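A.B. asks: 3D model of this:
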Amino acid sequence: MSDSQRFLCITSYEKGQDFIRQLAELGVKPTLLTMDKLRDAPWPVEVLEDLVTMPAGLNSQQIVNTVNWMARGRRFDRVVALDEFDMEVVAQIREHMRIPGMGTSATAFYRDKLAMRVAARDAGFLVPDFVRVLNYDELRAYMDSVPAPWLLKPRSEASALGIKKIQKPEDLWLALDDLGDSQSYFLMERFVPGDIFHVDSIVSEGKVVFSSVHQYGRPPMQVMHEGGVFTTRTVDRNSPEFAALTELNSRLAPALGMQQGVTHGEYIRAHADGRFYFLEIAARVGGAFIADLVEHSTGINLWREWAKIEVAQLRQKEYKLPPTREDYAGSVLCLAKEEEPDTSAFNAPEIVYRIRKHHHAGLIVQSQNPQRVIQLLEDYSQAFANQFLATLPPPDKPTA
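C.D. replies: Numbering: from 1, shown residues only. Have a look, this model is predicted:
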């Protein structure tokens, strides 16, 4: 094995430490490119070959130039985006440097909400009725045929950032006036009331080799825009929901062209007809401590397995999923009024992880009984709302 194999990891947010550690354990030399403000974040500096930072606000060409400069002194075998907001520029870097991995067109199916919806619909998946924000006659025809309300969504944001609910056509035209030339970077979609699920998976050689199905308590968009306590829990593995979503997700990532990596997909079971509709998918590890949740319910660390897949592909080796377990886990998380909220009063033996994040209160519970997890989340979400919950306007940009 050559000692010159190197990965460049790029992230605008503090995450992916386990990915970096796993690279080093596999004999790969990792370099991290992140933001100036994160220079002193708790990175595993003991395993990094180099830590390079850049100022906020650089455009994609400036970031590409930064990496070109770094590459004068080191030969990078792979370039990886640890955060969703760096995926597009990393795709540009790969294409410019002719490094294997998803290019800009392939990345669009995991970043551009319009591209992923078109591709999923064309592949036969149910998708809420949508329309691109481009041609005004198309928009008028859409609003005439699809009942309100609608959601105006940015095509390339993560989570529920920037989404507006549109009740009538006049609301749309006013919103488009405000957006001006940026309006074509949005789409409009029918608002479908329902229960929202997320499936987090590992893809190897074009096949989903692992997936974990969870259900949100309140929809993330509702939590982001209205405030409240965020919860998610493992779905009963003997339920029809688990079977249906596992099968659906096993077809989706390959249909959108992914060959290897990790995905975080979201689906909604519509109250109106009980069917599952595809909402969106990202080629990344889920945020909001979902990676920890998956690890506590299955034993699989998505960050580490993602690193193993990337290295296996580089070395032309077969990736093998480690043994998994079938426990159940749930998380409860909220914005807190206190800087460092004290959750020690919550002392159920099922608590396996206390979330440490500035102005947040959070716990992860684990049990072999899915009903016990549901009961704990119900009790704790109400207690968190009474004891810790703070509310702020929805952010204009991501905070983690």
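A.B. asks: mean confidence (pLDDT) on stretch 167-178, please.
C.D. replies: Across stretch 167-178, pLDDT averages out at 97.
A.B. asks: first-to-last residue distance for stretch 365-373?
C.D. replies: In stretch 365-373, first residue to last residue: 7 Å (CA to CA, to the nearest Å).
A.B. asks: and for that stretch, what's in contact with it?
C.D. replies: Contact partners of stretch 365-373, identified using CB atoms under 8 Å, 6 or more residues apart in numbering, comprise 233-236, 296-297, 327-332, 348, 350-352, 376-377, 380. Any C-beta I mention is one placed from the backbone N, CA and C, and that applies to glycine too.
A.B. asks: at 6 Å what do you get?
C.D. replies: 233, 236, 296, 327, 328, 329, 330, 350, 351, 352, 376 (CB atoms under 6 Å, 6 or more residues apart in numbering).
A.B. asks: which stretches of the stretch 251-400 of the chain have low pLDDT?
C.D. replies: Counting by pLDDT under 70, the stretch 251-400 of the chain shows low-confidence ranges at 392-400.
A.B. asks: can you give me the helices for it?
C.D. replies: 290-298, 302-314, 370-387 (DSSP state H, counting those that start in this stretch).
A.B. asks: any of the contacts of stretch 365-373 buried? List them.
C.D. replies: 233, 236, 296, 327, 328, 329, 330, 350, 376 (16 or more other CB atoms under 10 Å).
A.B. asks: if we can go back for a sec, which stretch among the helices of the stretch 251-400 of the chain comes nearest residue 41?
C.D. replies: helix 302-314 (15.7 Å; CB to CB).
A.B. asks: contacts for that closest one, please.
C.D. replies: The contact list for helix 302-314 (CB under 6 Å, 6+ apart) reads 18-19, 22-23, 26, 28, 77-78, 202, 204, 260, 262, 285, 291, 294, 319.
A.B. asks: for it, buried residues please.
C.D. replies: Within helix 302-314, the residues that count as buried by 16+ other CB under 10 Å are 302, 303, 304, 305, 306, 307, 308, 309, 310, 311, 312, 313.
A.B. asks: and stretch 361-368, by the same measure?
C.D. replies: Across stretch 361-368, burial judged by 16+ other CB under 10 Å covers 361, 362, 363, 364, 365, 366, 367.
A.B. asks: got it, and stretch 78-97?
C.D. replies: Those would be 78-95, for stretch 78-97 by 16+ other CB under 10 Å.
A.B. asks: chain center to that stretch: distance?
C.D. replies: On the basis of CA atoms, centre = their mean, to the nearest Å, stretch 78-97 sits 16 Å off its chain's mean C-alpha point.
A.B. asks: what lies in contact with it?
C.D. replies: Residues from elsewhere that reach stretch 78-97 (CB under 6 Å, 6+ apart): 7-13, 15-16, 60, 63-64, 67, 99, 101-104, 107, 111, 158, 282, 284, 310.
A.B. asks: ok, stretch 206-226 next?
C.D. replies: Residues outside stretch 206-226 that contact it (CB under 6 Å, 6+ apart): 159-160, 163, 196-202, 228, 230-232, 234-235, 242, 245-246, 249-250, 253-254, 259, 294, 298, 321, 394.
A.B. asks: just the buried ones among the contacts of stretch 365-373: which are in strands?
C.D. replies: Of the buried ones among the contacts of stretch 365-373, the ones assigned to strands by DSSP state E are 233, 328, 329, 330.
A.B. asks: could I get the residues you listed as CSV with distance to residue 372?
C.D. replies: Shown next, in CSV, are those (distance: CB to CB, whole Å):
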residue, distance to residue 372
233, 10
328, 8
329, 11
330, 9
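A.B. asks: and of these, the nearest to residue 41?
C.D. replies: residue 329 (26.2 Å).
A.B. asks: which residues touch the closest one?
C.D. replies: Residue 329 sits next to 234, 293, 296, 297, 364, 366 when contact means CB under 6 Å, 6+ apart.
A.B. asks: isn't the third one right up against residue 352?
C.D. replies: To tie it back to what came earlier, the one meant is residue 296. Yes. Residue 296 lies in contact with residue 352 (CB atoms under 6 Å); the separation is 5.5 Å.
A.B. asks: now do the shared contacts for these two.
C.D. replies: Common contacts of residue 296 and residue 352 (CB under 6 Å, 6+ apart): 364, 366.
A.B. asks: what is the burial count for residue 273?
C.D. replies: Using other CB atoms under 10 Å, residue 273 has 11 neighbouring residues.
A.B. asks: how close does the residue nearest to residue 265 when sequence neighbours are not counted get to residue 120?
C.D. replies: Using CB to CB, 6 or more residues apart in numbering and skipping residues adjacent in sequence, the residue nearest residue 265 is residue 281, 4.1 Å away. To residue 120, residue 281 is 8 Å away according to CB to CB, to the nearest Å.
A.B. asks: do residue 17 as well
C.D. replies: From residue 17 across to residue 120, the span is 32 Å (CB to CB).
A.B. asks: again with residue 109
C.D. replies: As defined by CB to CB, residue 109 lies at a distance of 9 Å from residue 120.
A.B. asks: quick one: contacts for the spatially most central residue of the chain?
C.D. replies: Central residue of the chain (CA atoms, centre = their mean): residue 286, 3.7 Å from the mean position. Contacts for residue 286 (CB under 6 Å, 6+ apart) come out as 200, 264.
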